[in-house]
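Asks: Can you look at this prediction? I've put the sequence above it.
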Amino acid sequence: IRGSVSVVLALGPVQWFLAGPLKRLSAKRRVMPTMVALGITAVLLAVFGLLFASADAVFATYLRRVMTAPEWAESAPLRIFLFVLFAVLLAAVVLVALRPVNDPVGPREKFRVSTSIWLVPLTAVNLLFASFVAVQITTLFGGDAWVLETAGLSYAEYARQGFFQLVVVSVFVLGIVAVAGGLLKAERRERWMLAGLLAMLCGLTMVVLVSALHRMNLYTDAYGLSRLRLSVQATVWWLGALFTLVLLAGAVRFAGRDSGWLPRTVVLVTGIGLAVFAVVNPDLRVAYSQVEVRGVTDLDSDYLGDLGAEAVPALDRLPEPQRSCVLADVVEANGLDRPDPWNGWNLARSQARDLLAEHPVNPSVECGRRPYRGSD
């Protein structure tokens, strides 16, 4: 791992190694910061641009129109890019072999770097995020017809596409904010600019999270909840809470006060979120959603049979023979046909047994897969 880090850290002086004449120019502190800023900008735009393009077909359509090159230029840029990429990596490896790079500084030390190194990348990323948010707002108000015309997708397909990419984007943004806010040292005048760009990036990311949540709600309205869908919805709300705390901590730090409470608060909010998620009773909500949205004819009985004992009150509403078939699997999967040991009592299983005692499963029902034979 340290060897790989050394190669990455060696990418900075590669331009001196490949082009010696630039060394004297870089002494004026202009070429080096500009090249570093452009390199960081290119990497960030490539990563977030690809994530946004894979997350949203409409945005990908616009991006494809912008990036489409003439026929004569289709092959040359790719070859040049691959040549430069491998040349830079080879030069970095040679530099490490000639003179190993020191490990990064500790997290409490701060770098004083040229303003352009963080100004150009953050501005470019904010513009990319703003363009994506504009596409999302247009699509939201354009509705089904707009999506069909622009991306060729149904609204349900568009809704479920790209949710996880948008969540990954938000996690990456947290990393960028952590690095920029924790490691960069700026003068008082520059602090306003850095804080403003980071706050804008956090705000735009929260809009992206709202878009992701809206997509998942559309998908849920069409297909009902599942454990995964409910879990990722909870994850989006948790990420939104984290961004809110980060914005608050940034404002507090900018006012000259201590923001050391942020890590403890993040842990506290995470614990509270997990407790709320448990109280919400996910399996019961999934069962109710599937029964209400999908209807009896479209239910996935195998999936419902894998739910926990919490889902029994919702599954008890199913008509026969589906009720007995699904509940038979739930009984077998959760051990409801036998009492809990003294050290393993569970409220949901106890309530499920009481309900099944009042409305027993019909053992003579043919379920297609196998007949239910009770506790034998």
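Replies: On my side now, so go ahead.
Asks: helices and strands of this structure: which one bottoms out on pLDDT?
Replies: helix 22-26 (a mean of 50; mean pLDDT, DSSP states H and E).
Asks: What is the subsequent helix or strand relative to that one?
Replies: With elements assigned by DSSP states H and E, the helix or strand that comes after helix 22-26 is helix 31-55.
Asks: tell me what that next one is packed against?
Replies: For helix 31-55, the packing partners by 3 or more Cβ pairs under 8 Å, 6 or more residues apart in numbering; DSSP states H and E come out as helix 22-26, helix 57-67, helix 115-151, helix 163-183. All C-beta spots, glycine's among them, are computed from the backbone N, C-alpha and C.
Asks: Least reliable of those by average pLDDT, please.
Replies: Note on the helices and strands packed on helix 31-55: helix 22-26 shows the lowest mean pLDDT, a mean of 50.
Asks: before we move on, the earlier item: any chance of the helices and strands packed on helix 31-55 in a markdown table with mean neighbour count and distance to N362 as columns?
Replies: Listed next are the helices and strands packed on helix 31-55 as a markdown table, based on neighbours: other Cβ atoms under 10 Å; distance: least, Cβ to Cβ, whole Å:
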| stretch | mean neighbour count | distance to N362 |
| --- | --- | --- |
| helix 22-26 | 13 | 82 |
| helix 57-67 | 15 | 47 |
| helix 115-151 | 17 | 43 |
| helix 163-183 | 17 | 40 |
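Asks: since we're on the nearest residue in space to T244 that is not next to it in sequence, how many residues are nearby?
Replies: Spatial nearest neighbour of T244, excluding adjacent residues (Cβ to Cβ, 6 or more residues apart in numbering): M206 at 7.8 Å. By other Cβ atoms under 10 Å, 17 other residues sit near M206.
Asks: so which helix or strand takes in M206?
Replies: helix 188-223.
Asks: Give me the pLDDT for A55.
Replies: A55 is given a pLDDT of 74.
Asks: pretty sure it contacts Q136?
Replies: No - counting by Cβ atoms under 8 Å, A55 sits too far from Q136 to count as a contact (9.9 Å).
Asks: So which bits of the helix or strand hosting V330 are buried?
Replies: For V330, the host element (DSSP H and E) is helix 322-334. Buried residues in helix 322-334, counting neighbours by 16 or more other Cβ atoms under 10 Å, are found at 322-331, 334.
Asks: Equivalent analysis for stretch 82-93, please.
Replies: Result for stretch 82-93 [16+ other Cβ under 10 Å]: buried residues 88, 91-92.
Asks: Can you tell me which of those residues comes closest to M216?
Replies: V88 (39.8 Å; Cβ to Cβ).
Asks: Can you name the residues that contact G308?
Replies: Neighbour list for G308: 283, 330, 334, 348 [criterion: Cβ atoms under 8 Å, 6 or more residues apart in numbering].
Asks: want to throw those into JSON lines with distance to L50?
Replies: Below are the contacts of G308 laid out as JSON lines (distance: Cβ to Cβ, whole Å):
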{"residue": "D283", "distance to L50": "36"}
{"residue": "V330", "distance to L50": "42"}
{"residue": "N334", "distance to L50": "43"}
{"residue": "A348", "distance to L50": "43"}
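Asks: What's the separation between W237 and R338?
Replies: 37 Å (Cβ to Cβ, to the nearest Å).
Asks: Name the next helix or strand downstream of the helix holding V330, please.
Replies: In N-to-C order, the element after helix 322-334 by DSSP H and E is helix 347-358.
Asks: same for that following helix, what does it pack against?
Replies: Where contact means 3+ Cβ pairs under 8 Å, 6+ apart, helix 347-358 is packed against helix 312-315, helix 322-334.
Asks: Let me have those helices in JSON lines, extended by distance to P33 and mean pLDDT.
Replies: Formatted as JSON lines, the helices and strands packed on helix 347-358 follow (distance: least, Cβ to Cβ, whole Å; pLDDT from 0 to 100):
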{"stretch": "helix 312-315", "distance to P33": "61", "mean pLDDT": "86"}
{"stretch": "helix 322-334", "distance to P33": "61", "mean pLDDT": "83"}
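Asks: does the closest residue in space to A234 that isn't next to it in sequence sit in a helix or strand, and which one?
Replies: The shortest distance from A234 to any non-neighbouring residue, by Cβ to Cβ, 6+ apart, is to F277 (5.2 Å). Assigned by DSSP H and E, F277 belongs to helix 261-280.
Asks: Now the following helix or strand past that helix: buried residues?
Replies: Following helix 261-280 in sequence order, the next helix or strand is helix 282-293 (DSSP H and E). Buried residues in helix 282-293, counted by 16+ other Cβ under 10 Å: 282-291.
Asks: measure the residue positioned nearest the centre of the chain to A10 for me?
Replies: In the chain, the residue lying closest to the centroid (Cα atoms, centre = their mean) is V167, at 1.6 Å. Applying Cβ to Cβ, the value for V167 to A10 is 32 Å.
Asks: One more: A251?
Replies: The gap separating A251 from A10 is 38 Å, by Cβ to Cβ.
Asks: out of the two, which sits in the busier spot?
Replies: More crowded of A251 and A10, by other Cβ under 10 Å: A10, with 23 against 13.
Asks: just checking, that one touches A92?
Replies: Yes - using Cβ under 8 Å, A10 makes contact with A92 at a distance of 4.1 Å.
Asks: any weak-confidence spans in the protein?
Replies: In the predicted model of the chain, residues 1-5, 12-32, 66-78, 96-111, 113, 139-163, 293-298, 365, 368-376 satisfy pLDDT under 70.
Asks: Can you give me the domain assignment for it?
Replies: 30-89+113-260, 282-358 (the TED database).
Asks: okay, those domains in JSON lines with distance to I272 next?
Replies: Formatted as JSON lines, the domains of the chain follow (distance: least, Cβ to Cβ, whole Å):
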{"stretch": "domain 30-89+113-260", "distance to I272": "9"}
{"stretch": "domain 282-358", "distance to I272": "16"}
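Asks: Perfect, I'm done here.
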